[in-house]
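Undergrad: when you get a sec, could you give me coordinates for this:
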Amino acid sequence: MIGKNIEATGHLVEAFRRLIDFSAFPVQFLEEFDALARTATDERFPGALLMLPRIGKRSVYYAIADNAAEWRRLRPLLIAYAGPTLTSFQGWSEPLLPHLLPIEALLVAGGFHVVARIVPGETEKVQKYTRRSLLRLVDMVTTAPSTTSAVPMSTSRLLAYFSDCLNGNDFAGAERILEQCTRELRIDALNLLFLRIRLLSWFNKWHVLVELPEFRSVCHTRRPPAVTAALLEAVYQVWLRDKGDIAMLSELWTKRLRPEFLPLLQLPILPGVSPGALTLYALEALSVTTRNPVIEMAVMSHQYVIPELAAALQEVGRTGTPRATEDAVGVGERLPTAQQALVQAEHSNTLDTIARALRLIDALESEERDSLLASTPFRSLWQSVRAKSGKAPPASWQDWFMRLQIPEFTDALDVLSHAVTEWPASLLKDTVEITAFVSALQEVPDISPSADRLADALPALVSWVIEDQVFPRPSMLPVYDALLYQLLVGVRRSGVVFESATVLIRAMLCLGLRSSRYRELLDDCLMLTGEAMSKRTVYWMLDTLEETLLNPCPDEEARRGFWYAACVRLMQMKAFFSPGQRIVFGQLSAELGWESIQEVEARIVLDPTESQRYHLQRVLDDSYVAIYTLTESAGRQAATVLKELSPTVRVEMSHDKVASSALKSMAQQANIFVMVAASAKHAASGYIQQERQGKLTLYANGRGYSSIIRAIEMHVLGGE
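TA: Numbering: from 1, shown residues only. A predicted model of the protein is given here:
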């Protein structure tokens with residue numbers, strides 16, 4: 001079967017049939033055509049086979065595959081049943097001739113991944129064997145019992161792709177993974193809810209988050225610190241942001257929000273917490289009648305993030321008091337201290353509080369431990385916080401990397417979900433600490449289970465570096481380099497996670513590289529796409545080409561070599577370009593000095609009523625597209641492409657770094673709003689989402705104009 005739309009595939013077969021005058025052929029030719037054509041709509045057959053009979057000449061057979069996976073299945077079958085012994089087929093496709101043959105023009109217009117022309121040998125006997133062999137191939141594939149099934153993707157790999165979608169600002173892709181996890185019962189309902197909260201918070205969809213039916217109940221549930229941080233930020237963004245001065249915010253918190261959301265204010269306050277979440281802690285410290293010195297001191301340790309609220313706390317003398325060392329307890333206090341630590345670990349659910357509780361329990365005498373575990377509530381708490389491996393959780397990134405090779409460390413990814421929040425990348429500032437992190441990452445053995453666990457963790461680690469408020473940071477270049485290397489090494493094990501790799505490549509190009517590393521990075525880009533590109537990787541390559549233009553170049557010869565290699569690979573896919581890709585490639589061709597793609601377009605025959613371009617134009621006609629980008633040249637070029645696709649589309653741009661009246665007007669009125677930022681966490685994203693409740697907001701995964709067009713095309717046309 002070719003494509004997922006049976007109706008559209010049926011129209012293609014009928015269009016193919018109409019181009020053939022079967023009245024000029026014996027009836028067996030029509031029977032053979034129908035027998036082969038049913039492969040186009042048979043889900044059991046990889047791709048399709050179509051026959052073109054010719055008067056006085058050999059019939060021509062076309063093998064069609066809509067994607068690389070189909071072609072990988074169809075190609076060996078064709079070699080086995082109709083290979084070079086009988087036909088012209090050598091295992092690869094030959095260029096079609098759309099300007100000479102209407103049949104081939106129709107196939108080119110279909111935009112398939114591969115269309116291979118198969119011509120039987122010259123003798124009548126060979127042609128007979130070819131017909132019989134192809135019919136047997138179809139019969140064998142479509143009637144054989146299913147003895148094998150595709151190996152299902154592991155849940156850890158699915159979650160890795162979920163993180164990869166977030167890194168590429170692919171909301172729809174992340175939603176599909178959540179739907180698959182739900183459909184296949186991969187994850188329990190509570191953890192599925194945690195993933196949805198992470199998705200909505202990543203894209204700053206705070207109003208959607210608070211409207212979840214489970215929102216208020218999850219505020220009273222044991223949850224990871226990252227979920228707690230997202231819930232706190234949602235409360236601030238929806239009910240407190242821009243609602244007045246400190247006195248008014250205190251009143252709102254005390255009278256309206258505190259009764260429901262006080263359980264979210266857990267201690268300790270984690271590093272890298274957002275200003276919105278810190279505001280809630282500060283309002284609690286300011287507004288309560290009975291002072292809470294512990295919260296006061298925790299807030300003051302982050303006073304540089306919320307200077308106005310910190311000044312208000314200092315003005316009324318609510319700055320807390322130093323706390324005694326928590327582990328320095330007397331003999332008679334060990335049991336109650338361990339009990340208190342267990343309760344705190346249950347409520348805070350952080351690696352630090354869990355490790356402290358387990359450490360204090362291990363320090364108890366056997367009689368004290370028996371007494372603690374004899375109590376059903378405390379035994380339940382102990383079982384809840386105890387690690388699956390039976391050991392205290394890792395205390396650092398180096399410890400986590402080292403434990404990956406231990407078979408019993410089965411909760412490695414659970415620990416990682418805590419670590420990326422509790423040990424944020426912003427804490428890695430010292431060169432010694434960065435070097436230690438890179439060394440620990442590089443020393444992970446390339447054997448199972450450590451290599452498999454690391455491969456599944458890499459997209460989450462890329463998300464971790466993106467969350468750094470000053471990403472990309474020059475001092476973190478060794479970390480980006482090491483993560484990219486691991487992604488490339490892991491390709492053979494777990495497949496390519498393009499979005500995560502793209503984020504790192506973009507960051508490294510932006511920061512500037514030495515000439516030798518620049519050449520290696522460009523080679524890495526070519527390696528990621530492989531020798532043969534797919535429709536999915538065309539935009540990726542176009543975006544990478546733009547990045548080489550926008551960023552510093554330490555080696556012009558290497559860059560031109562990369563441009564040439566990219567051009568060769570893109571030209572192999574030219575017949576399958578989408579409308580936006582065709583125009584973007586034409587603009588890049590002019591900038592890079594390549595041959596214009598107009599000559600390619602002239603050789604492609606498209607039905608103007610059914611083509612992708614017609615559908616895209618219908619959506620864009622008379623619509624209002626707003627683009628938020630800090631790269632003005634990319635916005636202008638994207639506007640040019642959109643105008644070429646639809647002369648009546650209205651395109652406006654903004655690069656305001658603060659909430660302006662113009663940006664507000666765009667956010668409220670635009671039919672389509674495209675956010676261009678390295679991360680959906682950009683400061684303007686929350687404001688724009690707040691103004692666009694219920695309206696379409698798209699996120700470009702890069703800063704070039706090809707990423708803007710890709711985001712719009714993906715929404716309108718679908719696909720990868």
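Undergrad: could you use CA atoms for every contact and neighbour count after this?
TA: OK.
Undergrad: what about Glu520, how many neighbours?
TA: By other CA atoms under 10 Å, 11 other residues sit near Glu520.
Undergrad: give me the contacts around the helix or strand hosting it.
TA: Assigned by DSSP states H and E, Glu520 belongs to helix 515-529. Contact with helix 515-529 is made by 488, 496, 498, 505, 509, 537, 554-555, 558-559, 562, 565-566, as judged by CA atoms under 8 Å, 6 or more residues apart in numbering.
Undergrad: what packs against the helix or strand just after it?
TA: Where DSSP H and E defines the elements, the next helix or strand beyond helix 515-529 is helix 535-550. Applying 3 or more CA pairs under 8 Å, 6 or more residues apart in numbering; DSSP states H and E, we find helix 535-550 packed against helix 498-511, helix 556-572, helix 579-592, helix 705-717.
Undergrad: could you dump those to TSV with distance to Val288?
TA: Below are the helices and strands packed on helix 535-550 laid out as TSV (distance: least, CA to CA, whole Å):
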stretch	distance to Val288
helix 498-511	44
helix 556-572	62
helix 579-592	57
helix 705-717	47
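Undergrad: how big is the angle separating the helix holding Glu520 from helix 498-511?
TA: If you take axes from the mean of the first three to the mean of the last three CA atoms, to 10 degrees, helix 515-529 sits at 160 degrees to helix 498-511.
Undergrad: buried ones in helix 515-529?
TA: For helix 515-529, the neighbour count (16 or more other CA atoms under 10 Å) marks 518-519, 521-522, 524-526, 528-529 as buried.
Undergrad: what do you get for stretch 627-641?
TA: In stretch 627-641, counting by 16+ other CA under 10 Å, buried: 627-632, 634-641.
Undergrad: would you agree Ile64 is in contact with Val114?
TA: Yes: Ile64 lies in contact with Val114 (CA atoms under 8 Å); the separation is 5.8 Å.
Undergrad: need the residues touching each of those two.
TA: Counting by CA under 8 Å, 6+ apart, the contacts common to Ile64 and Val114 are Trp71.
Undergrad: what is the nearest of the contacts of helix 515-529 to Glu7?
TA: The nearest member of those to Glu7, counting by CA to CA, is Thr537 at 27.1 Å.
Undergrad: how many neighbours does that closest one have?
TA: Neighbour count of Thr537, defined by other CA under 10 Å: 17.
Undergrad: how far away is it from Phe577?
TA: The gap separating Thr537 from Phe577 is 11 Å, by CA to CA, to the nearest Å.
Undergrad: you'd agree Ala63 is in a strand?
TA: Yes: under DSSP: H, G, I helix; E, B strand; the rest coil, Ala63 falls within a strand.
Undergrad: so it bridges to which residues?
TA: Listed beta-bridge partners, Ala63: Leu49, Ala116 (assigned using DSSP bridges).
Undergrad: just checking, it touches Val115?
TA: Yes: contact criterion CA under 8 Å: Ala63 and Val115 qualify, at 5.7 Å.
Undergrad: other residues contacting the helix or strand hosting Leu477?
TA: Per DSSP H and E: Leu477 is located in helix 477-489. Residues outside helix 477-489 that contact it (CA under 8 Å, 6+ apart): 434-435, 437-438, 441-442, 455, 458, 461-462, 496-497, 501, 504-505, 507-508, 511, 524, 528.
Undergrad: tell me how many other residues crowd Gly561.
TA: Neighbourhood size, Gly561 [other CA under 10 Å]: 14.
Undergrad: still on that earlier bit, by how many degrees do the helix holding Leu477 and helix 515-529 diverge?
TA: Using the same axes, to 10 degrees: helix 477-489 against helix 515-529 is 30 degrees.
Undergrad: and the average pLDDT for helix 477-489 is what?
TA: Averaged across helix 477-489, pLDDT comes to 90.
Undergrad: in it, which residues are buried?
TA: So for helix 477-489, counting by 16+ other CA under 10 Å, buried means 477-484, 486-489.
Undergrad: then stretch 421-433?
TA: Quick answer for stretch 421-433 (16+ other CA under 10 Å): 421-426, 428.
Undergrad: stretch 260-276 now?
TA: 261-262, 264-267, 269-270, 272-273, 275-276.
Undergrad: could you do stretch 88-97 as well?
TA: 89-90, 93, 96.
Undergrad: distance from the chain centre to that stretch, please.
TA: 35 Å (CA atoms, centre = their mean, to the nearest Å).
Undergrad: tell me the mean pLDDT for it?
TA: Stretch 88-97 comes out with an average pLDDT of 86.
Undergrad: so which residues make contact with it?
TA: If you take CA under 8 Å, 6+ apart as the criterion, stretch 88-97 is touched by 75-76, 78-79, 82-84, 104-105, 108, 114-121.
Undergrad: figure out the length between the terminal residues of it.
TA: First-to-last distance for stretch 88-97 - CA to CA - comes to 16 Å.
Undergrad: what is the neighbour count of Arg703?
TA: Close neighbours of Arg703, defined as other CA under 10 Å, add up to 23.
Undergrad: that's all I had, so thanks and see you.
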